[in-house]
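Chemist: sequence first, then the predicted structure:
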Amino acid sequence: MTLIEPPQRCSPRTGLLLATAYGLTIANLYYCQPLLPQISRSIGPHAADHLIAVGQLGYVLALILIVPLGDIVPRRPLLAVLLCANAAALGLTAAARTTGLLLAAGSLIGLTAAAFVNTLIPYAATMAAPHERGRAVGTMLTGGLTGILLSRTVAGLVSQAVGWRALFTAAAISTLLLAVVLTRALPPAPPDLPVPYRSQLHATLRLAATHRLLRHRAFIGGCSFAAFGVFWSTAAFLLSEPPYGYGPARIGLLALAGAAGALTARPIGRAADRADRRRLTRTALVLGVASFAALWAGGHHLVWLLIGLFVMDTAIHATHLLNMSVVYGIDDARARLASVYMTGYTLGGIAGAALGPAAYTAGGWTATCLLGAALLAIALTATFNRTENP
């Protein structure tokens, strides 16, 4: 099925705005991670224990049920509605006095943030010329990855100064302002595909069932994001114990090393437009496996931990970018592609976040690093599958 009309091309200014919107919105999903003990002390024992899990559940539901709307409804009003709903969920979190309300708000944050950012990336890919798609996706990922990594730093510093409720209130206000800015800045455009919602869901399922390259790249992405989840679900345990003994603010500052890795997304995106993407993917995954050796040495040496974190984030985000540059070239129905690919990618992250603490409990930091390296080695092995042409 073809597009209704050729999309408008994305100017550098619009691309920067979209990347900023991506970063600010995805950060809303990650603010809670270093704040779970503070939130529980405020609301009640163990109140926030499942806050990350319900956010991830909302994320997956959005990928399956909401993201496919991006092909069949006008994107500008859809993005505005999602941002307003996200702001409302952040406000509910700030006002929550019970565990039930906190978890309901957390699931809505995950749902709306996931729907927004995973509608935004296909939008940017659609507006880019085919030979510039990797660069466009790289610009988006630079904004998104910076938002993810700096969110932990901002959350730790702001909550320590004025409290976690003030942090979520400020996030709600900034998200509402972002909705106004995007509504004014983005050009109106008709939906890409003239099909009803039910048919769109069926088409998305058929795409997942029949397209081997899409499933292949989703598997590679899922394994790499699982390794990312293994590290970030256990790093706080390592850093809060000897020889480090860090508090929430200093743990949050560790994310700055990863944020430096996010700056490599744009040059990698440009390379993806010109070079062999499968070979680049292999190179990124080899670096990722090696990074866990440095992270293992970082169990007792901060310098090695920082080096390993920078290389790991660069490798995993490069793999994600390369995957998307391949996936979004498969078909014009890019919301369907995003729904399938990002569901596999996110499920991998959820699995990694669950397996990481279990590995840390069973075998300490050594077992954690072995698990992360093994997941990336599995992804590397998958790149030798003949699904992709050389």
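Modeler: Cool, got the structure.

Chemist: contacting residues around residue 182?
Modeler: By Cβ atoms under 8 Å, 6 or more residues apart in numbering, residue 182 lies in contact with 17, 21, 76, 79, 80, 83. From N, CA and C alone the C-beta is placed, and that goes for glycine too.

Chemist: so is it in a helix, a strand, or just coil?
Modeler: Following DSSP: H, G, I helix; E, B strand; the rest coil, the label given to residue 182 is helix.

Chemist: from residue 94, how far out is it?
Modeler: Noted for residue 182: a distance of 22 Å to residue 94, by Cβ to Cβ, to the nearest Å.

Chemist: now swap in residue 170 and tell me
Modeler: Noted for residue 170: a distance of 9 Å to residue 94, by Cβ to Cβ.

Chemist: tell me how many other residues crowd residue 280.
Modeler: Residues near residue 280, counting by other Cβ atoms under 10 Å, number 21.

Chemist: give me the pLDDT value at it.
Modeler: Looking at residue 280, its pLDDT reads 89.

Chemist: buried residues in stretch 371-380, which are they?
Modeler: By neighbour count on 16 or more other Cβ atoms under 10 Å, the buried set for stretch 371-380 is 371, 372, 373, 374, 375, 376, 377, 378, 379, 380.

Chemist: filter the contacts of residue 182 down to the ones in helices?
Modeler: Using DSSP state H, the subset of the contacts of residue 182 located in helices is 17, 21, 76, 79, 80, 83.

Chemist: ok, now which ones touch the third one?
Modeler: Right, residue 76. 182, 183, 186, 187, 188, 189.

Chemist: when residue 170 and residue 94 are compared, which one has more neighbours?
Modeler: With neighbours defined as other Cβ under 10 Å, residue 170 and residue 94 compare such that residue 94 has more, 18 against 15.

Chemist: wait, that one sits on residue 163?
Modeler: No: Residue 94 is beyond contact range of residue 163, at 9.7 Å (criterion: Cβ atoms under 8 Å).

Chemist: would you mark the buried spots in stretch 196-212?
Modeler: Using 16+ other Cβ under 10 Å as the test for burial, stretch 196-212 gives 200, 201, 203, 204, 207, 208, 211.

Chemist: would you turn the residues you listed into JSON lines with distance to residue 366, pLDDT and secondary structure?
Modeler: Output for the buried residues of stretch 196-212, formatted as JSON lines (distance: Cβ to Cβ, whole Å; pLDDT from 0 to 100; DSSP: H, G, I helix; E, B strand; the rest coil):
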{"residue": "200", "distance to residue 366": "47", "pLDDT": "87", "secondary structure": "helix"}
{"residue": "201", "distance to residue 366": "44", "pLDDT": "89", "secondary structure": "helix"}
{"residue": "203", "distance to residue 366": "46", "pLDDT": "87", "secondary structure": "helix"}
{"residue": "204", "distance to residue 366": "41", "pLDDT": "88", "secondary structure": "helix"}
{"residue": "207", "distance to residue 366": "41", "pLDDT": "88", "secondary structure": "helix"}
{"residue": "208", "distance to residue 366": "37", "pLDDT": "88", "secondary structure": "helix"}
{"residue": "211", "distance to residue 366": "39", "pLDDT": "88", "secondary structure": "coil"}
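
Chemist: would you mind measuring from residue 80 to residue 307?
Modeler: Between residue 80 and residue 307 the computed distance is 42 Å (Cβ to Cβ).

Chemist: for residue 20, that is, sorry about that
Modeler: Noted for residue 20: a distance of 29 Å to residue 307, by Cβ to Cβ.

Chemist: try residue 201
Modeler: In this view, residue 201 and residue 307 are 45 Å apart by Cβ to Cβ.

Chemist: residues making contact with stretch 45-61?
Modeler: Under the criterion Cβ under 8 Å, 6+ apart, residues 29, 32-33, 35-37, 39-40, 99, 102-103, 106-114, 343, 346-347, 349-350, 353 lie in contact with stretch 45-61.

Chemist: please identify the buried residues of it?
Modeler: In terms of neighbour count (16+ other Cβ under 10 Å), stretch 45-61 has its buried residues at 47-48, 50-61.

Chemist: could you list which of those belong to helices?
Modeler: Using DSSP H, the buried residues of stretch 45-61 in helices are 51, 52, 53, 54, 55, 56, 57, 58, 59, 60, 61.

Chemist: these into JSON lines, with extra columns for distance to residue 296 and pLDDT?
Modeler: JSON lines is the format used below for those (distance: Cβ to Cβ, whole Å; pLDDT from 0 to 100):
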{"residue": "51", "distance to residue 296": "29", "pLDDT": "82"}
{"residue": "52", "distance to residue 296": "25", "pLDDT": "77"}
{"residue": "53", "distance to residue 296": "27", "pLDDT": "75"}
{"residue": "54", "distance to residue 296": "32", "pLDDT": "84"}
{"residue": "55", "distance to residue 296": "29", "pLDDT": "87"}
{"residue": "56", "distance to residue 296": "27", "pLDDT": "82"}
{"residue": "57", "distance to residue 296": "32", "pLDDT": "85"}
{"residue": "58", "distance to residue 296": "34", "pLDDT": "91"}
{"residue": "59", "distance to residue 296": "30", "pLDDT": "89"}
{"residue": "60", "distance to residue 296": "31", "pLDDT": "89"}
{"residue": "61", "distance to residue 296": "36", "pLDDT": "92"}
